[in-house]
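Engineer: I need the structure of the sequence given here:
(2 chains)
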Amino acid sequence: MSILPEELRYLESHEWVSVSNETPGIATVGISAFAVAELTDLVFMALPKVGQSVSSGHEFGEVESVKAVSPMYSPVSGTVVEIHSELVNNLESLSVDPYDGGWIMKVQMSDPSELARLLDWTAYKHQCDNA
Amino acid sequence: MSLPSVPETKFSVLREGIPREGVVQIDPPLCGETNMAIDEALIRDATPESPVVLRVYRWEQPTLSLGYFQSWDDCRAVPGLSDLPWVRRKTGGGAIVHDQEITYSILIPETRNKTSKGHSGLLYRAIHGSAVENLQRLGWDAKLSETCTCSTAINQKEEPFLCFSRRSPVDLIIGSDKIMGSAQRRTSAGLLQHGSLLIRHSPTTPELVGLSELTTQLPSKLQEGFRADSFSNYNKDIWEKGLHDAFVDRACEKVIAKAPVDQTAWVNFLILVLKKGLSQIVNCRWQERNLDEHSVFTGRR
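Structural biologist: Just a heads-up that it's a prediction; the model follows:
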């Protein structure tokens, strides 16, 4: 699977979501290259647990960089079915691959219609360009 | 040397073109749980209409605060720390022994821009730059570290456990000793910054020194003042007398007139530092790229 940023949907708070044709009910979630660049040196990440419920726009995890702890927000609602546990020991990889190899969690969506309310690439890029 | 203005309990901050109220909150020494609960409540309850808050406080007994992601088990590697009462901060970074230091917190409520992530380099740099500038006025050769011991998660265990043994580029140092460090927490409600100014070394962390141990470069009168320093002899009356203008004025004079004989003087010195740092942020229109032209402190960008 190859994830292209132009094909993703985004929250204003810089989390991306991808849904593949093979598993249409499963959303893959991560943080954007812009967010990784803003965060700079990542040192810790707290992931959700498999089976945990997440809600669109609400916090699902936390990340620390430059002594600052920041929340990560879920773009979709549902149940966490898989987490990228290896990522927390390899956070520097996010700076080179925040999409394919940098996914954080997979969510069984309870309301796929939420995807339509997220930013597309053009809108998200506009937000970042004007930040 | 002219006296700085006396700290006020309220001040004005212009943000996004809108005058915003700022509040200075000076608390008496409290237990660790209460100190952290107050800061957590500040950011939990913040709304876009909330004032900017500058809180300065001390601790009623030596207390260890852990950075948000730190493990308490790791404090066993540092002799003497595991016997201390401890709390966990909402902010990141390394552990601090709150003993011979003054702690501050700044709350910046979120406004209409909720898209920020990560740290605010502007807030770190403006506050620490203000501290550099004002300590230089008193005679210390203070500067920003501009070096870093920060590491990635793959080797984060190699980072020193204590905040004051670490270095990040915006830490305040005198010589090779770190005197002031800060850390942040961002939520959808706003940004909380914690920081600590080391006044003198604590018996619990003898490897660390504070301003009191770094007086050799100061004029002799100020050195004498430090020898008479009663910082560790906390007097509850100081707080109960209230911070009426005349008392605050005298406290500031004690620092500025090179006779820093009590901790209240340093509390008020820190308030001045924080307010001036915030003024710099306002002057640069909350944009870090504008900080250079308005900043008078020396620090490589």
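
Engineer: Mind listing what's buried along the longest helix seen in chain A?
Structural biologist: Of all the elements of type helix in chain A, the one with the most residues (DSSP state H) is helix A:121-129. Along helix A:121-129, these residues count as buried under the neighbour rule (16 or more other C-beta atoms under 10 Å in any protein chain shown): A:Tyr124, A:Lys125, A:Cys128. All C-beta atoms are positioned from the backbone trio N, CA, C, and that covers glycine.

Engineer: for those residues, which one is nearest chain B?
Structural biologist: Looking at those and their distance to chain B, the nearest is A:Cys128, at 8.6 Å (C-beta to the nearest C-beta).

Engineer: Now for chain B: which helix has the highest residue count?
Structural biologist: With DSSP H applied, the helix covering the greatest number of residues in chain B is identified as helix B:263-283.

Engineer: Could I get the average pLDDT for that one?
Structural biologist: For helix B:263-283, the per-residue pLDDT values average out at 80.

Engineer: Then stretch B:196-211?
Structural biologist: If you average the pLDDT values across stretch B:196-211, you get 91.

Engineer: Could you list the residues in contact with it?
Structural biologist: Applying C-beta atoms under 8 Å, 6 or more residues apart in numbering or on different chains, the external contacts of stretch B:196-211 come out as B:62, B:78, B:80-81, B:84, B:96-104, B:131, B:135, B:140, B:162-165, B:174, B:177-182, B:212-213, B:226, B:229, B:231-232, B:263, B:266, B:270.

Engineer: Please save the CA atoms from the longest helix of chain B in CSV.
Structural biologist: These are the backbone C-alpha positions of helix B:263-283, laid out as CSV (Å, rounded to 0.1, in the frame of the first residue of the first chain):
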residue,chain,number,x,y,z
GLN,B,263,12.9,35.1,48.4
THR,B,264,10.1,37.6,47.8
ALA,B,265,12.5,39.8,46.0
TRP,B,266,13.1,37.0,43.6
VAL,B,267,9.5,36.2,43.2
ASN,B,268,8.9,39.7,42.1
PHE,B,269,12.0,39.7,39.9
LEU,B,270,10.6,36.6,38.2
ILE,B,271,7.2,38.4,37.7
LEU,B,272,9.0,41.3,36.0
VAL,B,273,10.9,38.8,33.8
LEU,B,274,7.6,37.1,32.7
LYS,B,275,5.8,40.3,32.1
LYS,B,276,8.6,41.7,30.0
GLY,B,277,8.8,38.5,28.1
LEU,B,278,5.1,38.7,27.3
SER,B,279,5.6,42.3,26.2
GLN,B,280,8.1,41.2,23.7
ILE,B,281,5.7,38.6,22.3
VAL,B,282,3.1,41.4,22.0
ASN,B,283,5.6,43.7,20.4
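
Engineer: Low-confidence regions, the stretch 151-300 of chain B specifically.
Structural biologist: Across the stretch 151-300 of chain B, the ranges flagged by pLDDT under 70 are B:151-157, B:217-263, B:283-300.

Engineer: Up against chain B, what does chain A have?
Structural biologist: Counting by C-beta under 8 Å from any C-beta of the partner chain, the positions of chain A adjacent to chain B are A:12-14, A:31, A:35, A:38-46, A:62, A:64-71, A:73, A:88-92, A:127, A:131.

Engineer: Tell me which of these fall in strands.
Structural biologist: Among the residues of chain A next to chain B, the residues falling in strands (DSSP state E) are A:31, A:42-46, A:62, A:64-65, A:68-71, A:73.

Engineer: List buried residues within the residues you listed.
Structural biologist: Listed as buried from those are A:31, A:42-45, A:62, A:64-65, A:68-71, A:73; burial here means 16+ other C-beta under 10 Å.

Engineer: Turn these into TSV, including pLDDT and distance to A:Glu7.
Structural biologist: Formatted as TSV, these follow (pLDDT from 0 to 100; distance: C-beta to C-beta, whole Å):
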residue	pLDDT	distance to A:Glu7
A:Ile31	96	16
A:Leu42	90	25
A:Val43	90	30
A:Phe44	93	30
A:Met45	96	24
A:Glu62	96	27
A:Glu64	94	30
A:Ser65	90	27
A:Ala68	93	30
A:Val69	95	31
A:Ser70	94	26
A:Pro71	94	25
A:Tyr73	96	20
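
Engineer: quick revisit: distance from the longest helix of chain A to the middle of the chain?
Structural biologist: Taking C-alpha atoms, centre = their mean, to the nearest Å, the mean C-alpha location of helix A:121-129 is offset from the chain mean by 16 Å.

Engineer: could you dump that helix to CSV, C-alpha only?
Structural biologist: Taking Å, rounded to 0.1, in the frame of the first residue of the first chain, the C-alpha atoms of helix A:121-129 are listed here in CSV:
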residue,chain,number,x,y,z
TRP,A,121,-5.6,18.1,0.3
THR,A,122,-6.3,21.4,-1.3
ALA,A,123,-8.0,22.9,1.7
TYR,A,124,-5.5,21.4,4.1
LYS,A,125,-2.5,22.7,2.1
HIS,A,126,-4.1,26.1,2.0
GLN,A,127,-4.3,26.1,5.8
CYS,A,128,-0.7,25.1,6.2
ASP,A,129,0.5,27.6,3.6
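
Engineer: State the mean pLDDT of that helix.
Structural biologist: Throughout helix A:121-129, pLDDT has a mean value of 93.

Engineer: for stretch A:90-100, same thing?
Structural biologist: Rounded mean pLDDT across stretch A:90-100 is 91.

Engineer: Can I get it as CSV, trimmed to CA atoms?
Structural biologist: As requested, C-alpha coordinates have been extracted for stretch A:90-100 and formatted as CSV (Å, rounded to 0.1, in the frame of the first residue of the first chain):
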residue,chain,number,x,y,z
ASN,A,90,11.3,4.7,16.0
LEU,A,91,9.8,8.2,16.1
GLU,A,92,12.5,9.7,14.0
SER,A,93,11.2,7.7,11.1
LEU,A,94,8.2,10.1,11.0
SER,A,95,10.4,12.9,9.7
VAL,A,96,11.1,10.9,6.5
ASP,A,97,7.9,8.9,6.2
PRO,A,98,4.9,10.3,8.0
TYR,A,99,2.4,8.5,5.8
ASP,A,100,3.1,4.9,4.7
